[in-house]
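Peer 1: Next one to model:
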Amino acid sequence: MPEVEAKAVPDDAFLLDVREIDEWRAGHAPTATHIPLGDLQNRVAEVPQGRTVYVVCRVGGRSAHATAWLNHVGWEAVNVDGGMQSWASAGLPMVSETGQPPFVA
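Peer 2: Numbers count the residues shown, from 1 in each chain. Just a heads-up that it's a prediction; the model follows:
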């Protein structure tokens with residue numbers, strides 16, 4: 001399965017965050033799109049085709065499943081290795097939905 005380090009995700013990438021809502025609210029990439037893994041099959045039409053989709057979760061397991069499924073059904077998807085933990089460790093931008101400083105839950 002294709003993987004890329006968090007710091008190698010292009011600034012203009014379509015970043016798909018497949019974590020749960022509480023994880024998303026605690027901290028996420030500013031430009032990410034949130035579709036929890038359990039909702040992905042029903043909401044896949046919200047994911048653009050014709051461009052690479054970068055998929056992220058907390059550490060990389062759920063996003064690996066999402067990446068494999070998306071590639072299987074015709075998308076071009078890449079797993080973000082190490083997930084949001086690697087994103088935060090690399091000092092990449094994050095925002096929260098809670099009014100508190102963002103963190104990886």
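
Peer 1: Show me what the lengthiest helix in the chain is packed up against.
Peer 2: Ranked by residue count under DSSP state H, the longest helix found in the chain is helix 61-72. Packing partners of helix 61-72 (3 or more Cβ pairs under 8 Å, 6 or more residues apart in numbering; DSSP states H and E): helix 40-43, strand 52-56, strand 76-81. The way it works is simple: take the backbone N, C-alpha and C, and place the C-beta from them, glycine included.

Peer 1: and among these, the most buried is which?
Peer 2: strand 52-56 (a mean of 24; mean count of other Cβ atoms under 10 Å).

Peer 1: Neighbouring strands of it in the sheet, and parallel or not?
Peer 2: Note on strand 52-56: by DSSP bridges, its sheet partners are strand 14-17 (parallel), strand 76-81 (parallel).

Peer 1: Could I get the pLDDT score of residue 26?
Peer 2: On pLDDT, residue 26 comes in at 98.

Peer 1: After the one helix or strand residue 24 maps to, which helix or strand is next?
Peer 2: Assigned by DSSP states H and E, residue 24 belongs to helix 21-26. Along the chain past helix 21-26, the next helix or strand (assigned with DSSP H and E) turns out to be strand 33-34.

Peer 1: Paired strands for that following strand, with orientation please.
Peer 2: By DSSP bridges, strand 33-34 pairs with strand 14-17 (parallel).

Peer 1: average pLDDT for the strand it pairs with?
Peer 2: On average, strand 14-17 scores 98.

Peer 1: same question, stretch 29-38
Peer 2: In this model, stretch 29-38 carries a mean pLDDT of 98.

Peer 1: Next, the buried residues of that stretch.
Peer 2: By 16 or more other Cβ atoms under 10 Å, the buried positions in stretch 29-38 come out as 29, 32-37.

Peer 1: of all those, which comes closest to residue 103?
Peer 2: residue 29 (13.1 Å; Cβ to Cβ).
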